[in-house]
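Q: only geometry, no sequence info:
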């Protein structure tokens, strides 16, 4: 079991550090609102991963790979949510440019950042497919499926916690140094375009 857990930890780490939607969300939130908000978004993402892991343990994520309808419903909902995030960021950039001394437009706070993390993760069917496809490859023969899946999920979430701690710290430090209104507007515009790009990629994806 120890060998299998270590092998899974290495594979999951490689996947986790590859730039993707979750890392981008933590990065953008940390730059725009500070580290505490970035960590709140990270906590939401990790909560979503825990849900996907438990769903895998009880076999629910198999529906995503077995049912095109279920996969597409989650995929379209996730794309719609990303479009909303992108539009919100672009609108924020426009409002910041309409005043003489624009201040960063904040959402409701850490709770909003947490909800954004949960939403982007749970509405991304690729996250469920990740657990469904990766966990069985490292499952030792004869090991209890539920307990082993929960263990692997805990390893993945722990790695994400460390990775997001590093990302949020670096991004928040960068944000402190670059508080110029012009930079903030450009960041929001870039974020809006990136979210729309993630939405387009999700819509183009097929199970």
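A: That came through fine. Note that the coordinates shown come from a computational prediction; the quantities given were computed from them, not determined experimentally. Numbering: from 1, shown residues only.

Q: Could you use CA atoms for every contact and neighbour count after this?
A: Will do.

Q: Run a quick neighbour tally on residue 14.
A: Using other Cα atoms under 10 Å, residue 14 has 10 other residues around it.

Q: Same question for the one 5 residues further on.
A: Other residues near residue 19 number 9, with proximity taken as other Cα under 10 Å.

Q: Name the helix or strand for it, please.
A: With secondary structure defined by DSSP states H and E, residue 19 is part of neither a helix nor a strand.

Q: need the strands for the chain, in chain order.
A: Counting by DSSP state E, the chain has no strands to list.

Q: which residues in it form helices?
A: Remark: helices assigned in the chain by DSSP state H are 2-17, 21-33, 35-57, 62-66, 68-97, 110-122, 125-134, 145-177, 181-204.

Q: where among the ones you listed is the average confidence lowest?
A: With a mean of 58, helix 62-66 has the lowest mean pLDDT of these.

Q: For stretch 133-153, which outside residues touch it?
A: 1, 4-5, 7-9, 49-50, 53-54, 56-58 (Cα atoms under 8 Å, 6 or more residues apart in numbering).

Q: can you put the residues you listed in a markdown table and add neighbour count?
A: Shown next, in a markdown table, are these (neighbours: other Cα atoms under 10 Å):
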| residue | neighbour count |
| --- | --- |
| 1 | 12 |
| 4 | 14 |
| 5 | 17 |
| 7 | 14 |
| 8 | 21 |
| 9 | 19 |
| 49 | 23 |
| 50 | 18 |
| 53 | 29 |
| 54 | 19 |
| 56 | 26 |
| 57 | 21 |
| 58 | 12 |
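
Q: Using a markdown table, lay out those together with distance to residue 37.
A: Formatted as a markdown table, those follow (distance: Cα to Cα, whole Å):
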| residue | distance to residue 37 |
| --- | --- |
| 1 | 37 |
| 4 | 35 |
| 5 | 31 |
| 7 | 32 |
| 8 | 30 |
| 9 | 27 |
| 49 | 19 |
| 50 | 20 |
| 53 | 24 |
| 54 | 26 |
| 56 | 29 |
| 57 | 30 |
| 58 | 32 |
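
Q: which one of the residues you listed sits closest to residue 168?
A: If you rank the contacts of stretch 133-153 by distance to residue 168 using Cα to Cα, residue 49 comes first, at 18.2 Å.

Q: Now do the contacts for that closest one.
A: Counting by Cα under 8 Å, 6+ apart, residue 49 makes contact with 121, 122, 127, 153, 157.

Q: please redo it, this time with the cut-off set to 6 Å
A: Not one residue lies near residue 49 by Cα atoms under 6 Å, 6 or more residues apart in numbering.

Q: Equivalent analysis for residue 111, please.
A: Residue 111 touches nothing, counting by Cα under 6 Å, 6+ apart.

Q: Tell me the spacing between it and residue 175.
A: 20 Å (Cα to Cα, to the nearest Å).

Q: Spatially, what comes nearest to residue 37 if we skip its sequence neighbours?
A: Spatially, and ignoring its direct neighbours in sequence, residue 37 is nearest to residue 110 (5.1 Å; Cα to Cα, 6 or more residues apart in numbering).

Q: That neighbour: how many residues sit nearby?
A: Neighbour tally, residue 110, other Cα under 10 Å: 17.

Q: Quickly note the distance from it to residue 138.
A: Residue 110 sits 36 Å away from residue 138, going by Cα to Cα.
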